[in-house]
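Visitor: can you look at this prediction? I've put the sequence above it.
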Amino acid sequence: MAKYGKWISGGLGWVLFGPLGGVLGFAIGSIFDSVETKVYTGESSRNGFLVSLLVLASAIMKADGKVLKSELDYIKAYFLKNFGVDAARESMILLRDILKQSVPLKDVCVQIKDNVDYHSRLQLLHFLFGIAQADGVISAEELRLLSDIAGYMSLTTADFESIKAMFIPNTDKYYTILEVAPTATNEEIKKAYRQMAVKYHPDKVGHLGEDVRLAAEQKFKMVNEAYEKIKKERGFN
């Protein structure tokens, strides 16, 4: 049990139990058996969020039967930009061993659903779409897996389609992001924007740490962009 001490003191809490704990058991043991490292510490919710992201990312990376260097480089760069040098280094060590494991996807997602708030689950999905697109295209296998993850985490179909439209454009992209039909009235669009602005506001994931909140601004900007595009197209203020 001693080799898990730093993770527990780092605040992983609920992550060390259930299916996530099963996936991490080998990886954590490997880390402490092979290298002297300081595992990232901080709020338990933040650590749980980052570990959940890594475990789900491993499933996305293996969705098409191969792990690409572009995906590994994307995740490393993403963690470096959003979470800092230490988190990037430690996350890549952990991801290396998680990739060797078979992830019980549904069980893992249910555990995340039961322990992570809805707004943070939306942010997880947004991150996962970015990882899937790291090689320039989201494959059919990756999209199917992303849909499964959203369903297992009890995200609504409308929210899934909204985030999907941020990465896979369609003719009604901006309406899909705001979760309204192209036939919606101007007042309905204004109301939808206000609701989406609240749902996707970066402060909703502020409890996960300032770096996660800043990373969430990309999704918030896309909501604002969609609204501005529709306003310009329709000519209303």
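Guide: All right, it came through fine. This is a predicted model, so every value here is computed, not measured.
Visitor: thinking Ala63 is in contact with Ser147, fair?
Guide: No - counting by Cβ atoms under 8 Å, Ala63 stays clear of Ser147, with 11.3 Å between them. Yep, even glycine has a C-beta here, placed from its N, CA and C like the rest.
Visitor: more neighbours: which of those two?
Guide: Higher neighbour count among Ala63 and Ser147: Ala63, with 20 against 16, using other Cβ atoms under 10 Å.
Visitor: what about that one, which helix or strand?
Guide: Counting by DSSP states H and E, no helix or strand carries Ala63.
Visitor: just list the residues touching it, thanks.
Guide: Ala132, Ser139, Glu141, Glu142, Arg144, Leu145 (Cβ atoms under 8 Å, 6 or more residues apart in numbering).
Visitor: can you classify the fourth one by secondary structure?
Guide: Spelled out, that is Glu142. When classified by DSSP: H, G, I helix; E, B strand; the rest coil, Glu142 comes out as helix.
Visitor: where does pLDDT dip in this structure?
Guide: 1-13, 26-44 (pLDDT under 70).
Visitor: domains in it, by residue range?
Guide: Here the domain parsing of the chain from automatic domain parsing is 1-155, 158-237.
Visitor: thinking again about what came up before, of the contacts of Ala63, select the buried ones using a PyMOL command.
Guide: Applying 16 or more other Cβ atoms under 10 Å to the contacts of Ala63, the buried members can be selected in PyMOL as follows:
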select buried, resi 132+142+145
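Visitor: for the contacts of Ala63, work out which two are farthest apart.
Guide: Ala132 and Arg144 (10.7 Å; Cβ to Cβ).
Visitor: separation between Tyr118 and Asp86?
Guide: Applying Cβ to Cβ, to the nearest Å, the value for Tyr118 to Asp86 is 29 Å.
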